[in-house]
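Visitor: Predicted coordinates and the sequence they were generated for:
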Amino acid sequence: MGLAAIATRRRAAEAALVLLLGCGGSLLAAPRCAAEGAGLVLETKIPLGQVSGRIDHLAVDLEHQRLFVAELGNDAVGVIDLRGRQVLRTLSGLNDPQGVGYVPASDTLYVANAGDGSVRLFEGPELAPAGRIALDEDADNVRVDEAADRVYVGYGNGALAVIDAAKRVQVADIRLDAHPEGFQLDPKSARIFVNLPDARQIAVVDRHIEKQIVGWQVPGVRGNFPMALDPAGRRIVLAFRRPARLVALAAVDGSVIANVESCGDADDVFLDAKRQRIYLSCGEGFIDVFAVSDGYARIARLPTPSGARTSLFVPALDRFYLAVRASMSEPAAIWVYRPTP
C-alpha cells in the first residue's frame, strides 16, 4: 500500500472516531449519529482537466450558473458550468491568480494576480478581456459590494484597493498594518473586518472614511486567514492555524464568544444561515462542520484529500464546493457537497 493510501485511511479512521465520540462512544449508535450529523454529503465531482499545483479562491455567477476557479499553479482561471457539471473554458495567461470576484451588474469577472499585482477584468458571456488595473505586489482576496458598485482587493504589504466597478478605476487605497488575508464587508454597517495574520490582529475599517479605526487581537492564537460573517448574530467567525482553532467574536467590540478546536491549515470558512452551521475546509484533509446554535460544537469531520483547503458555500444553490488539487490518488476536481437537513 502506498503512503498516500495509508494517509487517506488514517484520516478516514480519525474522522470516524470523532463521530463515534460524538455519539457517546457507542458502536451501535455510531451509524445513526453519522447519518444525522454528517452535515454535508458528497454529491458529485467535476473534473478540472490538466490542472496542476495549487488552487486558490472561488467565485460564482448565479445567473449563468458559472463557477470561477483560480488555478494559481496553472496561471489560469477555470470556468465551470454548474448545470452541465463540466469545464466551459480556461482563461490563461494570468500571473499567479489568487482572488476572483464577479460583478453581476456588468457581467464582469475580476481576477487578482499575486505575481504582478494586477487585477484583470473579463466581461460578458465570452469573458472577453476588458481591462487591467495595476496595484502593488501580491494582489489577493476580492470582495464585491454590489449596492455601492465597489470592488475591494487586498494586496501588498498592507492595503485594500477600492475600485469603482462602473468606471473600472481605483478610487481609494485603505492602508493596513500588514498584508490582508480573508476579509468581509458587513452588510449591516459601514465596516470591513480584515484578517492581518502577520500583525496578529483583526482590523476594523470604516468604509465611509476609508480608514482602519481599530485592531483586535485574540490571545494565544496566530495565523488568522479565513473569515465569515454572521450578520444576524452580529458575529465574526475566524479560523486560526497556530493552534488550529475556530473563534467567534462579537462584531461590536471583538470580544470572544467561542474558541474551539478545529482542523488544521484552514483556508475557507462559511456560514450556512439556514441551518445555523459553519463549514470549515482545511488543507490537513478535512471539512469540519460546527453547530452555531450549540456553542460552535463540532458535529462532523469529513475526510478530504490533503491540500484541499479552498472552498465556497453558495446559499442560493444550497451547495458547498471544494477545490481538490491533483495528486497521486486524485485528479484535480471540484467536489460538490449537498448539506443534509
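Guide: Yep, it's here. Residues are numbered from 1 along each chain as shown.
Visitor: Once you drop chain neighbours, what's closest to the residue nearest in space to the middle of the chain?
Guide: Nearest to the geometric centre of the chain sits residue 268, at 3.3 Å (C-alpha atoms, centre = their mean). Take residue 268 and drop its neighbours on the chain: the residue closest to it by C-beta to C-beta, 6 or more residues apart in numbering is residue 311, 4.4 Å away. From N, CA and C alone the C-beta is placed, and that goes for glycine too.
Visitor: beta partners for the one you found?
Guide: Here residue 311 sits in beta bridges with residue 322, going by DSSP bridges.
Visitor: what are the phi and psi values for the residue nearest to the centre of the chain?
Guide: Main-chain torsions, residue 268, degrees, to the nearest 10: phi -140, psi 140.
Visitor: Same check on the one 5 residues further on?
Guide: In this entry, residue 273 is assigned phi and psi values of phi -60, psi -30 (degrees, to the nearest 10).
Visitor: And it, how close does it get to residue 152?
Guide: Separation of residue 273 from residue 152 (C-beta to C-beta, to the nearest Å): 22 Å.
Visitor: Name the residues of stretch 65-80 that are buried.
Guide: By neighbour count on 16 or more other C-beta atoms under 10 Å, the buried set for stretch 65-80 is 66-80.
Visitor: now for those, which pair is the farthest apart?
Guide: Pairwise distances across these (C-beta to C-beta) peak at 21.0 Å, for the pair 66 and 73.
Visitor: Looking at the helix or strand where residue 245 lies now, give me its mean pLDDT.
Guide: Using DSSP states H and E, the element containing residue 245 is strand 244-250. The average pLDDT within strand 244-250 is 98.
Visitor: what about residue 141, how many neighbours?
Guide: Counted by other C-beta atoms under 10 Å, the residues lying close to residue 141 total 26.
Visitor: List the backbone torsions phi and psi for it.
Guide: With angles defined as degrees, to the nearest 10, residue 141 sits at phi -70, psi 150.
Visitor: swap in residue 126?
Guide: phi -90, psi 0.
Visitor: got it, and residue 292?
Guide: Per-residue torsions, residue 292: phi -60, psi -40 (degrees, to the nearest 10).
Visitor: Now do the helices in the protein.
Guide: For the chain, the helices defined by DSSP state H cover 3-22, 30-37.
Visitor: lowest-confidence stretch among those helices?
Guide: Of all these, mean pLDDT reaches its minimum on helix 30-37 (a mean of 38).
Visitor: worst-scoring helix or strand of this structure, pLDDT-wise?
Guide: In the chain, no helix or strand scores lower on mean pLDDT, DSSP states H and E than helix 30-37, which sits at a mean of 38.
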